[in-house]
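Q: okay, sequence plus prediction incoming.
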Amino acid sequence: MPQGAMLARQTNACALLSDDEYDTLVRAADEYLAAQGALITLMTTLGSTIEQGLDRLPEGFKQVVTDKVREALEYAQQAALSGMDKEAGREASSRWYGALAAVSGGVSGFFGLPAVLVELPVTTVTILRSIADVARSKGANLDDVDVQATCLEAFAYGGPLDEDDDADLAFFATRVGAVGLATRMGTMELADVITRVAVRYTGAVVPKVALQAVPITGAVLGAGLNWSYMQFYQAMASVLFTLRPIELKHDRDLVRSCFSSIVRERKTARA
C-alpha cells in the first residue's frame, strides 16, 4: 500500500473496501491532486493578467457569466452526446478535444469579451463531449441517465483558488445532492444537477473569461488556457468514472468519504 494512505485505510468508510479497491482510490486521489495542482499553478502564474482582465469586466458581469454558464450547460447536456458512438470501452480521443478547445479559445480571445461569451457554449459542449468520451472509455453506458449526471458533475470541480480545494472535496464527499438523491429514489432531475453544478463551474469560468477579455494577450493565452481546462476536466472525468464501479458495488457516500480522506492525507504527506 502506498505511503501516505495508511491512516485513511483505518476509517470506517475505507475499511469496507478491498485492498485492490482501496489502491484504486489512492491512484484516483493522486490523479485528482495532480490535476488540481497543475490548474492552480497555471492560474497563479497568470494571476496579474487575470486581474487586468477582471478590471475590464463591466459591473455585474459575473451574473451575466453565471446565466451564460447555466445556458451553456443546458445546451451542452442536450447537444454533447448527439451523434456520438456510444460503444463502451473505446479509447478516449483526449488530444483531439484539447486541440478543438485551444482553437476556440484562441479565436475568441482575439476578438475580446463579446466573442468569449459566444465561445463559452462551444467550449462547454466540447468539454462535456470529451468527458463523455472518457466515461465511455472506462466502460460507462452513455444512455444511462446517472452516467450523464456524473458527466455533468465533472464541471463542479476546478475552482482555481487554493481556498476552493476544501469545497471541491466537500462536493466529492457528498456528491451533487440531486445525483445521490436521484440514485436512491430511482429518478433523475438533470435540471437540478445543472443548477447546482453551474454555481461551481462559474467560479472556474470567470478567470478564464477575464483572461480572454484582454485584447491580443487573450488570444495568445486563451488557447493555452482552454487546453489546460480541457486537460483538467478530462482528469476529473477519469477520477469520477474510476470511482463509479466501486460506488456501484458499495455505498456511494462511503466511497466518496473514503476518497476525500485519502486526498487529504496524500496532500498532507506531500506538504
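A: The structure has been received and is ready for your questions. Residues are numbered from 1 along each chain as shown.

Q: please put the alpha-carbon coordinates of stretch 226-243 into CSV.
A: Taking Å, rounded to 0.1, in the frame of the first residue of the first chain, the C-alpha atoms of stretch 226-243 are listed here in CSV:
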residue,chain,number,x,y,z
ASN,A,226,-8.7,26.3,-22.9
TRP,A,227,-6.2,23.4,-23.5
SER,A,228,-5.4,23.3,-19.7
TYR,A,229,-9.1,23.4,-18.8
MET,A,230,-9.8,20.6,-21.1
GLN,A,231,-7.0,18.5,-19.6
PHE,A,232,-8.3,19.3,-16.1
TYR,A,233,-11.9,18.3,-16.8
GLN,A,234,-10.7,15.1,-18.6
ALA,A,235,-8.8,14.2,-15.4
MET,A,236,-11.9,14.9,-13.2
ALA,A,237,-13.9,12.7,-15.5
SER,A,238,-11.3,10.0,-15.2
VAL,A,239,-11.4,10.2,-11.4
LEU,A,240,-15.2,10.1,-11.3
PHE,A,241,-15.5,7.2,-13.6
THR,A,242,-12.7,5.3,-11.8
LEU,A,243,-14.7,5.7,-8.6
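
Q: what is the neighbour count of residue 207?
A: Residues lying near residue 207 (other C-beta atoms under 10 Å) number 21. Heads up, the C-betas are built off the backbone N, CA and C, glycines and all.

Q: now do the helices in the stretch 51-200 of the chain.
A: Taking DSSP state H, counting those that start in this stretch as the criterion, the stretch 51-200 of the chain contains helices spanning 61-79, 94-111, 113-137, 145-153, 164-174, 177-185, 190-212.

Q: do I have it right that residue 74 meets residue 193?
A: No: with contacts counted by C-beta atoms under 8 Å, residue 74 stays clear of residue 193, the gap being 10.8 Å.

Q: neighbour count for the two, which is higher?
A: Higher neighbour count among residue 74 and residue 193: residue 193, with 26 against 17, using other C-beta under 10 Å.

Q: quick one, grab the pLDDT at the more buried one.
A: For residue 193, the pLDDT comes out at 78.

Q: check residue 19 too.
A: Residue 19 carries a pLDDT value of 91.

Q: residues near it, how many?
A: For residue 19, using other C-beta under 10 Å, the count is 9.

Q: repeat for residue 263
A: Around residue 263 sit 26 other residues, with neighbours defined as other C-beta under 10 Å.

Q: tell me which helix or strand it sits in.
A: Counting by DSSP states H and E, the element that carries residue 263 is helix 252-270.

Q: helices or strands up against that helix?
A: Packed against helix 252-270 by the contact rule (3 or more C-beta pairs under 8 Å, 6 or more residues apart in numbering; DSSP states H and E) you find helix 6-9, helix 12-15, helix 19-45, helix 164-174, helix 177-185, helix 217-249.

Q: in terms of mean pLDDT, which of those helices ranks lowest?
A: Ranked by mean pLDDT, those bottom out at helix 177-185, which scores a mean of 43.

Q: tell me the spacing between residue 240 and residue 269.
A: Look at residue 240 and residue 269: by C-beta to C-beta, to the nearest Å, they are 23 Å apart.

Q: okay, these two: which has more neighbours?
A: Per other C-beta under 10 Å, whichever of residue 240 and residue 269 has more neighbours is residue 240, with 26 against 13.

Q: on that earlier part again, mean pLDDT lowest for which of the helices of the stretch 51-200 of the chain?
A: helix 177-185 (a mean of 43).

Q: for residue 31, list the residues it contacts.
A: Taking C-beta atoms under 8 Å, 6 or more residues apart in numbering, we find residue 31 in contact with 235, 238-239, 242.

Q: most surrounded residue in those residues?
A: Counting neighbours by other C-beta under 10 Å, the top entry in the contacts of residue 31 is residue 239, with 25 neighbours.
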